[in-house]
Structure formats: structure tokens, C-alpha cells
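J.: compute the structure for the input listed below.
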Amino acid sequence: MARNAEETRRKILTAATEEFARHGIAGARVDRITTVAGVNNALLYRYFGSKVDLFDTVYSRVVTELIEAVPLDADDLPGYAGRLFDYHEAHPAAVRLAAWRGLERPESPVPEVVVKAQRDKAARIAAAQRAGTVPSTLPPESLRDLLVLLTLSGSPFGTTEGGAAEGAAGGDVERARRRETVVTAARALVGG
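T.: Down below sits the predicted model:
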């Protein structure tokens, strides 16, 4: 029975991740999530409580996966920016979920996993600044945040000079150009 419950939760979370990434919290529909997951609405509410609780669970899960997949290396901040760019390209739902959370749940507390990861990253950058391997021009928190923002410059929320959404269009050559721009900008930011 526990195995079936785990499988049901996994199916709901997978379907909910896609639904929330596409439609946000307000636009997401429980019936679409449960149809894709192949379960009934009662199971969704039983395992997750409410649609908002389900979103919070999905968001925490996606952020945890990102944090584990792309650790910050303070000795190679441009490389970190490149790896984070790659992750965002491969997992666009992570970027979209973060945007929806900021738009629809700005008052909700940030998941503890995010708070801990942000503190840890700033501490690593501060240690590298004290060691002289990273310039101290910016506070570590600001440098961390700027690196993350750089990686989003080619995301589906970025725009071309003409203002049209560029997103992931343009194929491998365009993606490589955008990635190189992110890494080059990160290198300039840290004086490398």
C-alpha cells in the first residue's frame, strides 16, 4: 500500500509541476492535474491538502533538485553561472515556477531549503573574497544574486532588442551564444 501511495504522490507531483509551470497557481486546474496523473481529485486533496499546498510542495521539490544539481563553486563563479544556465535550459519549469511564486505568493515564507542554500552560497563567496580569489567589490549576497540573474537573461522571460520574447528559440547555435554571453558576463563581474 505504501508503494502505491508513493507512486500516486509522484504522479500527482509530476503532473502538477507541468500544470503550475504553464498556468501558475490561479490558472492551474486540479482536474487537469488529476487527469494527467490518472488519479481522482480526492487523492490529490488527501495527499497535499489544497492546490496552494500542492504548489508549495512542487516549488520546494523543484528548488531542492536545482540546489542539489548545481552547487556553487566559489573558485569558479563563471562556471557556476554556465552550469546554472544549462540547468535552466534543461528545466524551464524551474524558472517558470519561481516566477509564478513571486507573482502569486510573494507573501509566503521562502522554503527553508532556499534560505539555507542562499546563506551557504553567500558564505562560500565571502570566504573566497577573504582569500582574495574573488573581488570584494560587491557584497557576497549581491554577487550571488547577480550571477543568478545573469543566468536568466536567455530564459523564456528574457527579450530580444526588439522586445519580442526570445525564449529557447534559435537552436543550438543561439543557445551556445547565450550561454557564452552569460559566462563572459559572470567572468567580467568577478574580474576574471
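
J.: need the helices for this protein, in chain order.
T.: 2-27, 30-37, 41-48, 51-69, 77-90, 92-104, 112-131, 140-151, 171-189 (DSSP state H).

J.: contacts for the fifth one?
T.: Just to be clear, that refers to helix 77-90. With contacts defined as C-beta atoms under 8 Å, 6 or more residues apart in numbering, helix 77-90 is touched by 66, 69-70, 72-73, 94-95, 125, 134, 143, 147-148, 150-152, 154-155, 168, 175, 178-179, 182-187, 189-190, 192. Heads up, the C-betas are built off the backbone N, CA and C, glycines and all.

J.: filter those to the buried ones?
T.: Applying 16 or more other C-beta atoms under 10 Å to the contacts of helix 77-90, the neighbour count classes 66, 70, 72, 94-95, 125, 134, 143, 147-148, 150-152, 154-155, 175, 178-179, 182-183, 185-186, 189-190 as buried.

J.: take the helices of the chain and lay them out in TSV including mean pLDDT.
T.: TSV is the format used below for the helices of the chain (pLDDT from 0 to 100):
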stretch	mean pLDDT
helix 2-27	93
helix 30-37	97
helix 41-48	95
helix 51-69	96
helix 77-90	96
helix 92-104	95
helix 112-131	96
helix 140-151	95
helix 171-189	92
